[in-house]
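**Q** Make a model of this:
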Amino acid sequence: ALIDKLKAAIATEPENATVYATLGNVYDQLYVKASDEGNEEKATEYFNGALKYYSEATDIDPESFNSYYGMGALYFNKAAKVGKALNELSSDFSAAGIKKYDAKKAEMTSMYEKSYPYLEAAEKISPEDPLILSALKEYYVRTNQNDKAGEYKEKLEKVTGSN
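**A** Predicted coordinates for the structure are as follows:
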């Protein structure tokens with residue numbers, strides 16, 4: 001019902017980036033739910049819907065922090081989920097097991113790489129936002145860029161006043 005209402009709002013206000021971003025967020029939440037339930041077909045549909053509406057929001061408003069952050073988080077969280085599946089494959093040392101592990105690792109790496117440009121764009125819009133600083137710190141941790149992770153840890157501590 002919410003999707004229909006937001007689509008109606010888009011039809012009424014086609015230049016309102018906030019409505020597109022909100023619809024992207026709704027699809028994002030549906031993606032998480034379907035993915036957690038193991039419904040990969042619906043998860044893919046919702047993931048693509050989230051990307052579509054977040055992207056349309058940035059087309060209308062190139063300063064749409066929430067949309068860039070949303071796209072980055074969408075890919076980042078998908079990479080983290082793939083990482084969990086990767087851990088399950090780590091104990092199979094058969095040729096087939098290693099092949100599955102390598103394919104899953106490549107998928108995870110690809111998702112992290114896809115998240116970065118969006119996270120970077122969000123940081124340019126709001127360079128002191130704790131959400132984006134934390135996301136970038138985690139990105140660098142998970143991509144084994146420890147020097148950059150340390151930089152972002154310091155930036156985050158400076159902004160939040162914590163250690």
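**Q** buried sites along the longest helix along the chain?
**A** The helix of greatest length in the chain, counted in residues with DSSP state H as the criterion, is given as helix 95-125. Judged by neighbour count using 16 or more other Cβ atoms under 10 Å, the buried positions of helix 95-125 are 100-101, 104, 108, 111-112, 114-116, 118-119, 121-123, 125. All C-beta atoms are positioned from the backbone trio N, CA, C, and that covers glycine.
**Q** low-scoring stretches of this structure, by residue?
**A** 163 (pLDDT under 70).
**Q** Which of the residues in stretch 30-43 are classified as buried?
**A** 30-32, 34-35, 43.
**Q** Please identify which two of those residues are farthest apart in space.
**A** With Cβ to Cβ as the measure, no two of the buried residues of stretch 30-43 lie farther apart than L30 and S35, at 9.4 Å.
**Q** Could you tell me which residues touch both of those two?
**A** Common neighbours of L30 and S35 are not found (criterion: Cβ atoms under 8 Å, 6 or more residues apart in numbering).
**Q** Tell me which helix or strand the residue nearest to A21 when sequence neighbours are not counted sits in.
**A** By the measure of Cβ to Cβ, 6 or more residues apart in numbering, the closest residue to A21 outside its immediate chain neighbours is A57, 4.1 Å from it. Under the assignment given by DSSP states H and E, the secondary-structure element containing A57 is helix 40-60.
**Q** what comes up buried for that helix?
**A** Within helix 40-60, the residues that qualify as buried by neighbour count (16+ other Cβ under 10 Å) are 43, 46-47, 49-51, 53-58, 60.
**Q** Name the surrounding residues that touch it.
**A** Helix 40-60 is contacted by residues 15-18, 20-21, 23-25, 27-28, 30-31, 34-35, 64, 66-68, 70-71, 74, 78, 121 when judged by Cβ under 8 Å, 6+ apart.
**Q** so of those residues, which ones are in helices?
**A** The subset of the contacts of helix 40-60 located in helices under the criterion DSSP H comprises 17-18, 20-21, 23-25, 27-28, 30-31, 34-35, 66-68, 70-71, 74, 78, 121.
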